[in-house]
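# okay, structure incoming, though there's no sequence with it:
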């Protein structure tokens, strides 16, 4: 049993104890206090008189007796109400601050934003090591992705990364997902290839070193965008990823699609066409 579960199971006992103590104090005043000593007996007599009143007997004395004890009755009732209100407020606060069992399980498996940022920083270092291994003299050499160069691949990754950053910034502003810069959302593989060519043509006037550096700095811009979000948005499910933002893998495409062909090219074997 975790500490939070134990606290939830024990949280009802103080309320029960408070009610019992308050009841004992109230009856102690009714029975032992000289000023209230007759009150308990009067209450017992009033029960019988109330039944008699229904048969038409005089109620003036009964009403007077009730007026005599009403301050104590109100005090007792107020105590009960206060205890119940405190219990309800505490229960509601626990419900809002602590998730249920399924929520707690989700929180335990969901990574933190700090872990996500650490993973991005590690991947940025991986990219820098990869760029250093290729070397600036080979940035423009075809081969890592068919007839694409390492610089083409960097521009391709930076183009899609730009869209991701714009999506995250829109989440932070509470705006709908922005339209992609290539205007048409690709629905199949052929359209994805067209978008890739559109990105490549857009970067035609950029030097290979600029493209490689741009993808490097895109890590910093991505991290800045993520860190600008409040905690509840970090853990909210974004429609374009279909999972909480903090769980999104922003570097999977590089490793799933491009690292193996690039490594094959570096090792002297043929690469593959870009995807």
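Perfect, I can see it now. Not measured: the values here are computed from a predicted model.

# which residues touch the residue nearest to residue 207 when sequence neighbours are not counted?
Counting by Cβ to Cβ, 6 or more residues apart in numbering, residue 207 lies nearest to residue 151, which is 7.9 Å off, once chain neighbours are set aside. (Each C-beta comes from the backbone N, C-alpha and C, glycine too.) Residue 151 is in contact with 139-140, 207-209, 211-212, counting by Cβ atoms under 8 Å, 6 or more residues apart in numbering.

# low-confidence ranges, the stretch 51-200 of the chain, go.
Scanning the stretch 51-200 of the chain for pLDDT under 70 picks out 51-80, 84-85, 89-108.

# need the strands for it, in chain order.
Per DSSP state E, counting those that start in this stretch, the stretch 51-200 of the chain carries strands over the ranges 142-145, 148-149.

# and the first one, what does it pack onto?
Pointing back at strand 142-145 there. Under the contact criterion of 3 or more Cβ pairs under 8 Å, 6 or more residues apart in numbering; DSSP states H and E, strand 142-145 touches strand 148-149, helix 150-173, helix 259-266.

# let's see 6 Å
helix 150-173, helix 259-266 (3 or more Cβ pairs under 6 Å, 6 or more residues apart in numbering; DSSP states H and E).

# just the buried members of the contacts of residue 151?
Buried subset of these (neighbour count, 16 or more other Cβ atoms under 10 Å): 139, 208, 211-212.

# can you tell me which two in those residues are farthest apart?
Using Cβ to Cβ, the buried ones among the contacts of residue 151 span at most 7.7 Å, a distance reached by 139 and 211.

# quick check: the residue nearest to residue 142 when sequence neighbours are not counted vs residue 141, distance?
Using Cβ to Cβ, 6+ apart and skipping the chain neighbours, the partner closest in space to residue 142 is residue 149 (5.4 Å). In this view, residue 149 and residue 141 are 6 Å apart by Cβ to Cβ, to the nearest Å.

# between these two, who's got more neighbours?
Legend: neighbour count by other Cβ atoms under 10 Å for residue 149 and residue 141, higher for residue 149 (21 against 14).

# quick check: residue 219 vs residue 262, distance?
According to Cβ to Cβ, residue 219 and residue 262 sit 18 Å apart.

# sorry, wrong one. I was asking about residue 162.
Distance from residue 162 to residue 262, by Cβ to Cβ: 21 Å.

# quick one: which of those two has more around it?
The residue with more neighbours, out of residue 162 and residue 262, is residue 262; 21 against 17, by other Cβ under 10 Å.
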